[in-house]
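Peer 1: Build me a structure from this.
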Amino acid sequence: MNTMTSLQQIKESANESTIVSMRGITKRFPGGVVAVDNVDFELSSGEIHALLGENGAGKTTLMNILYGLYSSDSGHMFVDGRPVSIKSPRDAIQLGIGMVHQNFQLIPRMTVSENIVLGLKSERPPLLELEKASSKIKELSSSYGLRVNPAARVEQLSMGERQKVEIVKALYRKARVLILDEPTSVLTPQEGEELFKLLDSMTEEGKTVVLITHKLPEVMAISQRVTVLRHGKVVANLETKLTSAAELAGYMVGHEISLKEAGKVEASHKERNTLLELKNVSALNDKGLLGVNDLSLSLYEGEILGIAGVAGNGQRELAEVITGLRHVTDGEVLFKGRVVTNGPPSRSIELGIRYIPEDRLGSGVIPDFTIADNLVLERRRKNPFSKNWLLERKAIEDNAAALLSEYDIVAPNPNVTARTLSGGNLQKLILAKVLSGNPKVLVASQPTAGLDVGAAQFIRNKLRQEAARGVGILLISGDLNELISLSDRIAVMYEGKVTGIVPASESEIEEIGLLMGGAGRQA
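Peer 2: Modelled structure (predicted):
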């Protein structure tokens, strides 16, 4: 059978509703790694199709091929039944395929409008039609409840706000196939519900959505079909209504996995010492406005205090105030009763206050340093890692080998750079770096965002273990189910203030949602 006959049979075999067909797609990377292995994948008009798999399973690589960021080594692609060659994102966009990446494709120093129109043809070159674009962006933002300010510089936006810009950017380009890579990883459940309403309305218009996600409840709630990848191969292609979250988790990891969270022993702050206290603290955000506004909060020994809130309501500023990364303009920060307001980050580290930031590559590690060196960044001048100001390489590498094993970090060896790790392994690396320093207070911002079910479960269990040994944990998360299952208390932030604090055992998502909008009980 010649190639032309084969392509014709593939074309004819596609269902009339099929909008995209990928057949026999294989992608190899240097070193012999087969990221995508002979994969068949189809999208139908008007469906939400979930793409599942552990970190490194090949799902993002497969979609990067469809979007033109990678070229496949073999296989064929069809759009509307016609064979296509997608060599760049421009080709994909012209075919009506858009993609919102997990790692944002934005230029920080440019405004939202400039980022969105960048690369598009202008009717008045070389000028960008920013006023016209701004008007359209406001219209899209209003229609979909995304609340994006066209004039804001991207560098001033929170991670959640940047995610919204990416979504608007794809909508602006009139995508009829929209690929979303972990779209709710930095969104609150309410924002996620708004997004899903948008996706439903899009599919009612005949548009198609690919949802790359690790959140099984989302898959069960919104998708019509699910494709599961493991080690670069398709291991399941199912109608969502005919499967279950437990079955899908089993396909992802290759064996049965319990989705029940381990029970927690709630900390009674009446019986425990106060580790951290904020008294009427205020601090400016990157825009020069109040990011933290007259906030008071206490964290107790062995407690997990959850922080809920819509992205951009002061959570990042709060974390940076506690860890010494942001200047306090008013109020006091106390550690074990001692005033530590506006101390340098180095003093926070010495006191045992440690930070897991949401921006993993940007702040969590030094990407071009080795795994071994990243693991001792804050301790490299201490015994046994240095002697007479000279680094002890064997001790550093032995430490790395032990932590790679303890935290189940998959890497060729401790001397590869941190940027080569997958998302789940990178987060485990940051966790290992922080916890091996024996913290007293741990500020964890979105620690499981974008991770597969296995990696997320591992990290949650580690947080429970740290709390059990007396560490006070401030857990900032956009996943309310995670906050409720892990936390002892949940504090809700709105416009830099705490609008309420509720015991996790008594909390209801509806009440927390009201507090996130500025309503409800006051702290």
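Peer 1: and residue 461, how many neighbours does it have?
Peer 2: Residues lying near residue 461 (other C-beta atoms under 10 Å) number 13. All C-beta atoms are positioned from the backbone trio N, CA, C, and that covers glycine.
Peer 1: can you check residue 303 too?
Peer 2: When neighbours are counted by other C-beta under 10 Å, residue 303 registers 24.
Peer 1: Tell me the pLDDT of it.
Peer 2: At residue 303, the model reports a pLDDT of 96.
Peer 1: measure it to residue 117 for me?
Peer 2: 47 Å (C-beta to C-beta, to the nearest Å).
Peer 1: Ok, residue 296 next?
Peer 2: Separation of residue 296 from residue 117 (C-beta to C-beta): 43 Å.
Peer 1: So between those two, which is more surrounded?
Peer 2: residue 117 (23 against 14).
Peer 1: Quick check: pLDDT value at the nearest residue to the more buried one once chain neighbours are set aside.
Peer 2: Of all residues not flanking residue 117 in the chain, residue 133 sits nearest, at 4.7 Å (C-beta to C-beta, 6 or more residues apart in numbering). Listed pLDDT for residue 133 reads 88.
Peer 1: residue contacts, residue 133?
Peer 2: Contact analysis of residue 133 by C-beta atoms under 8 Å, 6 or more residues apart in numbering lists 113, 116-117, 150, 172.
Peer 1: Narrow those residues to those in helices?
Peer 2: Using DSSP state H, the subset of the contacts of residue 133 located in helices is 113, 116-117, 172.
Peer 1: Now for residue 120, how many residues are close by?
Peer 2: 12.
Peer 1: In space, what's closest to residue 448 - neighbours in sequence excluded?
Peer 2: In space, residue 448 comes closest to residue 456 once its chain neighbours are excluded; the distance is 4.0 Å by C-beta to C-beta, 6+ apart.
Peer 1: thinking that neighbour is in contact with residue 462, fair?
Peer 2: No: at 10.9 Å, residue 456 does not count as touching residue 462 under the criterion of C-beta atoms under 8 Å.
Peer 1: can you pull out the helices in the stretch 251-400 of the chain?
Peer 2: Counting by DSSP state H, counting those that start in this stretch, the stretch 251-400 of the chain has helices at residues 315-322, 345-351, 371-375, 393-406.
Peer 1: Quick one: closest of those helices to residue 168.
Peer 2: Proximity of those to residue 168 was assessed by C-beta to C-beta; the nearest stretch is helix 315-322, lying at 21.0 Å.
Peer 1: ok, residues contacting that closest one?
Peer 2: The contact list for helix 315-322 (C-beta under 8 Å, 6+ apart) reads 158-159, 276, 278, 281, 283-285, 291-292, 295, 307, 309, 325-326, 328, 333, 348, 353, 355, 357-358, 441, 443, 445, 474, 476, 493, 496.
Peer 1: picking up where we left off before, Throw the helices of the stretch 251-400 of the chain into JSON lines and include distance to residue 436, thanks.
Peer 2: Output for the helices of the stretch 251-400 of the chain, formatted as JSON lines (distance: least, C-beta to C-beta, whole Å):
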{"stretch": "helix 315-322", "distance to residue 436": "20"}
{"stretch": "helix 345-351", "distance to residue 436": "13"}
{"stretch": "helix 371-375", "distance to residue 436": "7"}
{"stretch": "helix 393-406", "distance to residue 436": "6"}
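Peer 1: could you redo those helices as TSV and give each row mean neighbour count, distance to residue 46 and mean pLDDT?
Peer 2: Compiled in TSV, those are given as follows (neighbours: other C-beta atoms under 10 Å; distance: least, C-beta to C-beta, whole Å; pLDDT from 0 to 100):
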stretch	mean neighbour count	distance to residue 46	mean pLDDT
helix 315-322	25	37	95
helix 345-351	15	51	92
helix 371-375	25	45	93
helix 393-406	16	45	92
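Peer 1: Please identify which of the ones you listed is closest to residue 69.
Peer 2: Closest among the helices of the stretch 251-400 of the chain, using C-beta to C-beta: helix 371-375, at 25.9 Å.
Peer 1: Tell me the gap between that closest one and the middle of its chain.
Peer 2: 22 Å (C-alpha atoms, centre = their mean, to the nearest Å).
Peer 1: Which strands and helices lie in contact with that helix?
Peer 2: helix 393-406, helix 423-435 (3 or more C-beta pairs under 8 Å, 6 or more residues apart in numbering; DSSP states H and E).
Peer 1: Tell me the helices and strands packed up against the first one.
Peer 2: So that's helix 393-406. Helices and strands touching helix 393-406, by 3+ C-beta pairs under 8 Å, 6+ apart, are helix 371-375, helix 423-435.
Peer 1: Of the ones you listed, which is nearest residue 90?
Peer 2: Within those, the stretch nearest residue 90 is helix 423-435; the backing value is 26.8 Å (C-beta to C-beta).
Peer 1: got the buried residues for the closest one?
Peer 2: Buried residues in helix 423-435, counted by 16 or more other C-beta atoms under 10 Å: 423-435.
Peer 1: ok, then the element right after it?
Peer 2: Sequence-wise, the next helix or strand downstream of helix 423-435 (DSSP states H and E) is strand 441-445.
Peer 1: which residues does residue 181 contact?
Peer 2: 60, 63, 99-102, 212.
Peer 1: Against residue 61, how distant is it?
Peer 2: 11 Å.
Peer 1: and what of residue 295?
Peer 2: Distance of residue 295 to residue 61, given as C-beta to C-beta: 43 Å.
Peer 1: neighbour count winner among those two?
Peer 2: residue 295 (24 against 20).
Peer 1: who's that one bridged to?
Peer 2: residue 281 (DSSP bridges).
Peer 1: any chance you could map the strands in the stretch 251-400 of the chain?
Peer 2: Per DSSP state E, counting those that start in this stretch, the stretch 251-400 of the chain carries strands over the ranges 274-284, 290-300, 304-308, 330-335, 338-339, 353-356, 386-387, 390-391.
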